[in-house]
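Asks: Fold the following.
(4 chains)
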Protein chains: 2
Amino acid sequence: MSVDTAEPSEFSPRQNAVLEQALQLLVDGGEKALTTSGVARAANCSKESLYKWFGDRDGLLSAMIAYQASKVRTFERNGERLTAASLHDHVVIFARDLLEVLAGDVSLALNRLAIGQSNREGSKLGKLLLERGRRQIDRRAMALIDAGKRAGLLRFADADEAYHTLYGLVVSDLHVRMLLGEPGLKDTARQAERAVTAFLRLYGTDKVLAEMPVLG
Amino acid sequence: MSVDTAEPSEFSPRQNAVLEQALQLLVDGGEKALTTSGVARAANCSKESLYKWFGDRDGLLSAMIAYQASKVRTFERNGERLTAASLHDHVVIFARDLLEVLAGDVSLALNRLAIGQSNREGSKLGKLLLERGRRQIDRRAMALIDAGKRAGLLRFADADEAYHTLYGLVVSDLHVRMLLGEPGLKDTARQAERAVTAFLRLYGTDKVLAEMPVLG
DNA sequence: CACGAACCGTACCGTACGGTACGTATATGG
DNA sequence: CCATATACGTACCGTACGGTACGGTTCGTG
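Replies: Down below sits the predicted model:
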């Protein structure tokens, strides 16, 4: 398992800097603030260059998503031997990281952007966001879950189903609430812990359940 | 428990008809298609009336949300005696209804609309959507969960936590994926069944667990 | 019937955006 | 030192939107 999703330097350094400014603009003011003139002004480049590099506004948006996705690197693990405790810890860390990513300014802004225009034009941005942004975190989770199964700590027939269960337990409706702008949703630590406890109770083998506190 | 969230005839029948047309327009073409001129044309009314009735464009959007929320009526249940089997069935029905509501054209369109402009202006629409649209389904679920506890079928310390667990198990990332425009996400039946099984395994008392199939 | 209120249809205004064109500066390479 | 390419900044164009104004029409009421 090497880093096959690298795609390094999809854009030039100058273009990356422009995309960074565009992201900043999007985070600060929402889609309405993301005008071609505004990006050009903020990035000290000409609109002509924007259109030369990215084609049109949609191309710019796509490039922003690709650029942001290229920044996120999820450290693949590691051949370490899994125990019940270490599995628990790894899943908790994953859950926290997941919530942290979803709650990130840029992530929220890009998701809002893609959702906002996903009914039009066949949801091109939405597809891009799911493919480029989600793949990494999915791979990491699946690797962890598979490792848990190989170590005899987890039991399930369909790894995908188990993963989606974990995802639902961790995220619940937090993502949508954050997308809708609800404030004060940053208590990720407890939420992650509860979710992992439930997940292990559902999919853990006796080796795991033996080390868990009894049900309230 | 009467129907306290009624607020009947918040708008006149004529205004309701206009809002209905506006919703249709939004569903068909997204926010970009929802122009004041377009609504006036589709509803055979004048722009002047639109501004007289709803103030401005934001007022129109808020009115659309309020109107749509006023249409959804969730039949309160019922003093019937709960058994393990009937609880299971009720929760499954709730899960299916929840997924069906979230997957509805109008619901998706309104959520996209609110999310699309939730970074701007303090997320007024998002708050409205959560308060007006979510309350009913929340109340129904909480009532069901409480009834399950009173019948000695469910065990939990925090009903809110149990509900959010159920929500996460049922919805997982389906809502966001649908909002992003991912097609072919209509296999709600199996998803609901799996979620309820997991939920009952987590929160069911022995009375419930005894009637459930053993873990794979 | 007469009067007024509500409303429709249309035309209009200002603005702001996406996209294009052009003149100039900077840098690279022979 | 010149030539060419690249990119900056600005000015410009067409369009389309939000919001307003106005004349004509319907409808309820005394």
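
Asks: quick one: is whichever strand or helix holds A:Asp97 near chain B?
Replies: If you go by DSSP states H and E, A:Asp97 is part of helix A:84-102. No: Helix A:84-102 lies apart from chain B when judged by C-beta under 8 Å from any C-beta of the partner chain; the minimum separation is 9.1 Å. Quick note: C-beta positions are derived from backbone N, CA and C, even for glycine.

Asks: Helix or strand next in line after that helix, which one?
Replies: Helix A:84-102 is succeeded, C-terminally, by helix A:105-116 (DSSP H and E).

Asks: Output the contacting helices and strands for the helix or strand just after that next one.
Replies: The helix or strand immediately downstream of helix A:105-116 is helix A:124-128, counting by DSSP H and E. If you count contacts as 3 or more C-beta pairs under 8 Å, 6 or more residues apart in numbering or on different chains; DSSP states H and E, helix A:124-128 packs onto helix A:57-71, helix A:105-116.

Asks: Other residues contacting the shortest one?
Replies: Defining contact as C-beta atoms under 8 Å, 6 or more residues apart in numbering or on different chains, one finds that helix A:105-116 is touched by A:23, A:26-27, A:30-31, A:34, A:61, A:64-65, A:68, A:101-102, A:123, A:125-126, A:128-129, A:133, A:175, A:178-179, B:31, B:111-113, B:115-119, B:176, B:179-180.

Asks: Would you map out the domains in chain A?
Replies: With domains defined by the TED database, chain A comprises A:12-68, A:73-209.

Asks: where among the ones you listed is the average confidence lowest?
Replies: Of all the domains of chain A, the minimum mean pLDDT falls on domain A:73-209 (a mean of 94).

Asks: touching DNA strand D at all, it?
Replies: No: Domain A:73-209 does not reach DNA strand D (C-beta under 7 Å from any atom of the strand); its nearest approach is 12.1 Å.

Asks: right, is that domain up against DNA strand C?
Replies: No: judged by C-beta under 7 Å from any atom of the strand, domain A:73-209 and DNA strand C are separated, with a smallest distance of 11.5 Å.

Asks: Would you mind measuring the gap between the ends of that domain?
Replies: 32 Å (C-alpha to C-alpha, to the nearest Å).

Asks: Next up, the contacts around A:Ala162.
Replies: Counted by C-beta under 8 Å, 6+ apart, A:Ala162 has contacts A:145, A:154, A:156, A:203.

Asks: Next up, the contacts around the third one.
Replies: Contact criterion C-beta under 8 Å, 6+ apart gives A:145, A:149, A:162, A:203, B:216 as the residues in contact with A:Phe156.

Asks: Buried ones among the residues you listed?
Replies: A:145, A:149, A:162, A:203 (16 or more other C-beta atoms under 10 Å in any protein chain shown).

Asks: So A:Leu200 sits against A:Pro213, correct?
Replies: No: here A:Leu200 lies out of contact with A:Pro213, judged by C-beta atoms under 8 Å, at a distance of 11.1 Å.

Asks: between the two, which one's more packed in?
Replies: A:Leu200 (23 against 6; other C-beta atoms under 10 Å in any protein chain shown).

Asks: Name the nearest residue to that one, sequence neighbours excluded.
Replies: A:Val208 (5.3 Å; C-beta to C-beta, 6 or more residues apart in numbering or on different chains).

Asks: number of nearby residues for that neighbour?
Replies: 22.

Asks: tell me which element it is part of?
Replies: Per DSSP H and E, A:Val208 falls inside helix A:206-209.

Asks: Repeat that for A:Pro213.
Replies: Counting by DSSP H and E, A:Pro213 is part of no helix or strand.

Asks: Angles on the backbone of A:Leu154, please.
Replies: Phi and psi for A:Leu154, reported as degrees, to the nearest 10, are phi -120, psi 150.

Asks: That one and A:Met142 touch, don't they?
Replies: No: between A:Leu154 and A:Met142 there is no contact under C-beta under 8 Å: 11.9 Å.

Asks: Between the two, tell me which one has more neighbours.
Replies: Neighbour count, other C-beta under 10 Å: between A:Leu154 and A:Met142, A:Leu154 has more, with 25 against 14.

Asks: got a list of what the residue nearest to the more buried one when sequence neighbours are not counted touches?
Replies: Leaving aside its sequence neighbours, A:Leu154 sits nearest to A:Gly148 (C-beta to C-beta, 6+ apart; 3.8 Å). Applying C-beta under 8 Å, 6+ apart, we find A:Gly148 in contact with A:82, A:87, A:91, A:154.

Asks: Do I have it right that the third one meets A:Leu144?
Replies: Read it as A:Val91. Yes: counting by C-beta under 8 Å, A:Val91 does reach A:Leu144; the two are 6.6 Å apart.

Asks: okay, these two: which has more neighbours?
Replies: Using other C-beta under 10 Å as the criterion, A:Val91 and A:Leu144 rank with A:Val91 on top: 23 against 20.

Asks: if I look at the more buried one, how far off is A:His175?
Replies: 18 Å (C-beta to C-beta, to the nearest Å).

Asks: What's the local residue count around A:Val92?
Replies: Neighbour tally, A:Val92, other C-beta under 10 Å: 19.

Asks: just checking, it touches A:Arg194?
Replies: No: using C-beta under 8 Å, A:Val92 is not in contact with A:Arg194; the gap is 10.3 Å.

Asks: For burial, what's the neighbour tally of A:Ala63?
Replies: 21.

Asks: Could you check what's spatially nearest to it, not counting adjacent residues?
Replies: The nearest residue in space to A:Ala63 (C-beta to C-beta, 6+ apart) is A:Phe54, at 5.1 Å.

Asks: residues touching the one you found, list them.
Replies: Contact analysis of A:Phe54 by C-beta under 8 Å, 6+ apart lists A:60, A:62-63.

Asks: Turn those into a markdown table, including distance to A:Gly184.
Replies: Shown next, in a markdown table, are the contacts of A:Phe54 (distance: C-beta to C-beta, whole Å):
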| residue | distance to A:Gly184 |
| --- | --- |
| A:Leu60 | 33 |
| A:Ser62 | 33 |
| A:Ala63 | 33 |
